[in-house]
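S.K.: model this:
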Amino acid sequence: MTRVITSAAVIGAGTMGAAIAALLANVGLKVLLLDVMPQQLTAEETEKGLTLADTVVRNRLVQAGFERACKAKPAAFVDEAAQQRITLGNIEDDLTKLAEVDWIIEAIIEQLPAKQALMAKIEAIRCPNSYVSSNSSGLPMADIAAERSTNFKSHFLGTHFFNPPRYLKLLELIPTADTDATVIQTIAQFAETTLGKGNVYCRDTPNFIGNRLYTFSYSFAVSHALEYGYTVAEVDALTGPLLGRPKTATFRLLDLIGIDIVSHMTHNLVDRIPEDPYQVILQDPKLNRLLDIVMERRWLGNKTRQGFYKKVPDSDERLTLSLDLDQLDYIAPTTPVFPAVEAVSDIEDLGQRITALLDESWKADRGAEFVCSVLSFELAYAAFSAPHIAYNLKSIDDTMRWGFAYQAGPFELWDKLGVAAMTELMESHNLPVAFWVHEMLSAGFTHFYKTIDGQRAFYDWETKTYQSPTELKLA
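M.R.: Down below sits the predicted model:
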């Protein structure tokens, strides 16, 4: 019997967990938000005569997470009424309340043993027909639920929200081989119709779709910059709106996410994809040395007020310095100048703009060279990894548009630039193009997307024909 979702619990009141709780409360759900209990008193608590037995102490961490969400910018909550729909508690005292909710979402530290231990506790308490999901950004869902019962596994899947969840449309759904089809359908329908999400089904592979592609994208861009002497400002000028992407581009996005988080995500991924021939990019010594040094210095990005950028007082204004990638010190801003970029900047159409930038006449331009190298790598990797991480190429494009605010996903962009032309360009850069793309071209199919009976269809690498988005297969 399908269980209607009217209540939920989120375990983990960090930035993501509290924001997910807010999202659920915004649509009218009663939400239980839990976190761990502090292990020691603060100086202020000691001065007040409080002990670890006092509720205000035991709920200190979850209270702090909730209050951060209440003050978040952009706002996590729609109004105060939504805030009041959240009940706070801690895992020691309030875990039994999980028996009363319809959907339990785990959003704790990204460590497999910790998640597995929590799932064991959840299973002992949950109602047998309640839904359980993990917000892990890349750990295998099958591993998280490996030791659980058949009933638990059938009601379990991955639900990876993107931050901030109220504003980013993407929700990665990661069912396992054991997830019941009705459970998948129920969560997907609730996410789409009630939460307003764009659902993307991912294979249960390391980092799923979004973080897998992002990790390789930023790693290549930074490695290429280090190898050929591009500055932080130059890279961001070349990988933002010019390519139909947000102004955060490469280095500003690293600062926004948190360099510690990205570094941790990268190191974890390397160990879990030994069969991926592109993983050598993640092991670039120059890249890892850079990440290690900024981590060591606690230059973690926006959260520590300095990372690849640093804001400092300068008379009446705030001057933003950028990190010199060679000297590893902050330098005054300069405006990057690339003749090729200036020549194409007035072209509004994304495909036409990038096509003009990649023209042979700009081959010697440093800006055009960087864009050519980065795009060639990103498209080649998207084609290689797609069958391993997604069920179809549309999922790849939806992920990058909904989760990273790209104007066009990799295959949509490839279509705009010409599939055959870009394939030839990539191979001229010694980047192998996936066999299925060559198969598609050999069959006379020149685009990844085409309109059939008024509906946008996409090329399917398994059937070697065009498929409708309604013909989704999770196999």
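S.K.: How many neighbouring residues does Leu32 have?
M.R.: By other CB atoms under 10 Å, 21 other residues sit near Leu32. For the C-beta atoms, the positions are set from N, CA and C on the backbone; glycine is no exception.
S.K.: do the same with Arg85
M.R.: 18.
S.K.: what about Ile184, which helix or strand?
M.R.: For Ile184, the enclosing helix or strand under DSSP states H and E is helix 181-193.
S.K.: How about that helix, which residues are buried there?
M.R.: By 16 or more other CB atoms under 10 Å, the buried positions in helix 181-193 come out as Val183, Ile184, Thr186, Ile187, Ala188, Phe190, Ala191.
S.K.: any idea how far the fifth one is from Gly49?
M.R.: Here Ala188 is placed at a distance of 51 Å from Gly49 (CB to CB, to the nearest Å).
S.K.: same question, Ile144
M.R.: As judged by CB to CB, Ile144 and Gly49 stand 41 Å apart.
S.K.: neighbour-wise, which of these two wins?
M.R.: Set Ile144 next to Gly49 and count neighbours by other CB under 10 Å: Ile144 wins out with 24 against 7.
S.K.: Can you report phi and psi for the spatially closest residue to that one that is not a sequence neighbour?
M.R.: Sequence neighbours aside, Lys115 is the residue nearest to Ile144 in space, at 4.9 Å (criterion: CB to CB, 6 or more residues apart in numbering). The phi and psi torsions at Lys115 (degrees, to the nearest 10) take the values phi -70, psi -40.
S.K.: In this structure, spot the helix with the most residues.
M.R.: The residue-count maximum for a helix in the chain (DSSP state H) belongs to helix 366-389.
S.K.: what's the average pLDDT for that helix?
M.R.: For helix 366-389, the mean pLDDT works out to 98.
S.K.: and for stretch 335-346, what are the contacting residues?
M.R.: 231, 233-234, 237-238, 242, 353-354, 356-357, 362, 365-368 (CB atoms under 8 Å, 6 or more residues apart in numbering).
S.K.: quick one, strands of the stretch 1-150 of the chain?
M.R.: Using DSSP state E, counting those that start in this stretch, the strands of the stretch 1-150 of the chain run over residues 7-11, 30-35, 86-90, 103-106, 131-134.
S.K.: re earlier: for the longest helix of the chain, name the packing helices and strands.
M.R.: Applying 3 or more CB pairs under 8 Å, 6 or more residues apart in numbering; DSSP states H and E, one finds that helix 366-389 contacts helix 210-228, helix 232-238, helix 339-344, helix 350-357, helix 393-404, helix 410-417, helix 419-428, helix 435-442.
S.K.: between the ones you listed, which one is nearest to Ala69?
M.R.: Closest to Ala69 of the helices and strands packed on helix 366-389 is helix 393-404 (CB to CB; 20.4 Å).
S.K.: Okay, angle between the closest one and helix 366-389 too, please.
M.R.: Angle between the axes of helix 393-404 and helix 366-389 is 120 degrees (criterion: axes from the mean of the first three to the mean of the last three CA atoms, to 10 degrees).
S.K.: Could you tell me the angle between helix 393-404 and helix 210-228?
M.R.: If you take the same axes, to 10 degrees, helix 393-404 sits at 70 degrees to helix 210-228.
S.K.: Run the chain-centre distance for helix 393-404.
M.R.: On the basis of CA atoms, centre = their mean, to the nearest Å, helix 393-404 is displaced by 11 Å from the centre of the chain it belongs to.
S.K.: Please apply the same query to stretch 149-161.
M.R.: That offset, for stretch 149-161, works out to 20 Å (CA atoms, centre = their mean).
S.K.: One more: stretch 51-65?
M.R.: Here stretch 51-65 shows a centroid-to-chain-centroid distance of 31 Å under the convention CA atoms, centre = their mean.
S.K.: What of stretch 342-357?
M.R.: Averaging C-alpha positions (CA atoms, centre = their mean) puts stretch 342-357 28 Å from its chain's average.
S.K.: which of the residues in it are buried?
M.R.: In stretch 342-357, counting by 16+ other CB under 10 Å, buried: Ala343, Val344, Leu350, Gly351, Arg353, Ile354, Thr355, Ala356, Leu357.
S.K.: closest to Pro165 among the residues you listed?
M.R.: Nearest to Pro165 among the buried residues of stretch 342-357, counting by CB to CB, is Leu350 at 27.2 Å.
S.K.: isn't that closest one right up against Pro241?
M.R.: No. Look at Leu350 against Pro241 with CB atoms under 8 Å: they stay out of range, at 9.8 Å.
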